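Peer 1: Starting from these lines, generate the structure:
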Amino acid sequence: MCIGYPSLLEKHLGVIIKGNFAVGGQGIFEQKEIILQQEFKGIDLVILSVGVNDFSSGKPIGIIPPSTETEHDNTFIGAYCTALDHIFQCNPKIKAVLMTPLHRNTLHRTGNVPKSAIDTKINGNVLEDFSNAIIEIGRFYSCPVADMYANSGLNRFNLKDFTFEGVHPTNEGYEFIIGSLFDALQKV
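Peer 2: This next block holds a predicted model:
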C-alpha cells in the first residue's frame, strides 16, 4: 500500500487529516467541483496539489488574475482561482499551501500515448508552465508554494527509481520528496 502525503503528514508532523479529496486522473476542473461543495469550517490548513493531469489533457493555462467569467470557467488558472476564492470565502482564517506537479516521464508506457513532461509540449505548454502558473497563483493569494517541480529532487534520471510508472511516487519516493512539502508547511 502506498503511504502518500496524508500518511506522512500524520506520521512526521502529527496533523489530523479531516479529508482527502484526491482522485487519480483528476485535474483542477474536477477538483474545483468537489471544493465548491465543501464548507471548510473547523479546518486550519488545506493543501492543493494539481496540475499534472491538466497538463496531460492540454488545458489552457490562462492569466492571473482571471479577468472574465470565461477565463474562470475554461482555464487552469481560472478554475484554480475559483477554488481558492471559495475556500477563503468559507474560512478567511484558513491557510493554504499550493503544490506544483512533480517531474514526470511516461515514455516507457505502452498502450497510452507516451508523454514525457520534461520536453513534450501539449497545447503549446510544457509541465513546467503549469508549475510556474501555480507559483504565480501562490504570489497572488499570498500562499506558500511547495515547488515540487524544482525542489523535490525528482528528475528525469531518477524517476524510474522513485515512481511506479514515471508519475506516482513509490513509498520510497514519497519519503525522498516529502521534505519540499515540509519546507512550505513551516511557512504556515
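Peer 1: Tell me the buried residues in the host helix or strand of Ser7?
Peer 2: According to DSSP states H and E, Ser7 maps onto helix 4-13. Across helix 4-13, burial judged by 16 or more other CB atoms under 10 Å covers Tyr5, Leu8, Leu9. For every residue, glycine as well, the C-beta is placed using N, CA and C.
Peer 1: quick one: the last one from Ser142, how far?
Peer 2: The reference is to Leu9. 22 Å (CB to CB, to the nearest Å).
Peer 1: circling back: does the next helix or strand after the helix holding Ser7 pack against any helices or strands, and if so which?
Peer 2: As assigned by DSSP H and E, the chain's next helix or strand after helix 4-13 is helix 28-35. Under the contact criterion of 3 or more CB pairs under 8 Å, 6 or more residues apart in numbering; DSSP states H and E, helix 28-35 touches helix 76-90.
Peer 1: mean confidence score for the helix it packs on?
Peer 2: What helix 76-90 shows for mean pLDDT is 96.
Peer 1: hmm, who's touching it?
Peer 2: Residues outside helix 76-90 that contact it (CB atoms under 8 Å, 6 or more residues apart in numbering): 27-29, 31-32, 35-36, 38-41, 46, 48, 50-51, 54, 59-66, 71-73, 94, 96, 130, 133-134, 136-137, 140-141, 143.
Peer 1: Next: stretch 53-63.
Peer 2: If you take CB under 8 Å, 6+ apart as the criterion, stretch 53-63 is touched by 25-29, 71, 74-78, 101, 115, 117, 122-123, 125-127, 129-130, 133.
Peer 1: Mind doing that once more with 6 Å?
Peer 2: With contact meaning CB atoms under 6 Å, 6 or more residues apart in numbering, stretch 53-63 is reached by 25, 27-28, 71, 75-78, 122-123, 127, 130, 133.
Peer 1: closest to Lys160 among the residues you listed?
Peer 2: Leu127 (17.3 Å; CB to CB).
Peer 1: What is the neighbour count of that closest one?
Peer 2: 26 (other CB atoms under 10 Å).
Peer 1: Tell me the spacing between it and Asn20.
Peer 2: 23 Å.
Peer 1: just Gly27 next, same as before
Peer 2: 16 Å.
Peer 1: Please say which of those two ends up with more neighbours.
Peer 2: Legend: neighbour count by other CB under 10 Å for Gly27 and Asn20, higher for Gly27 (20 against 11).
Peer 1: Val97: what secondary structure?
Peer 2: strand (DSSP: H, G, I helix; E, B strand; the rest coil).
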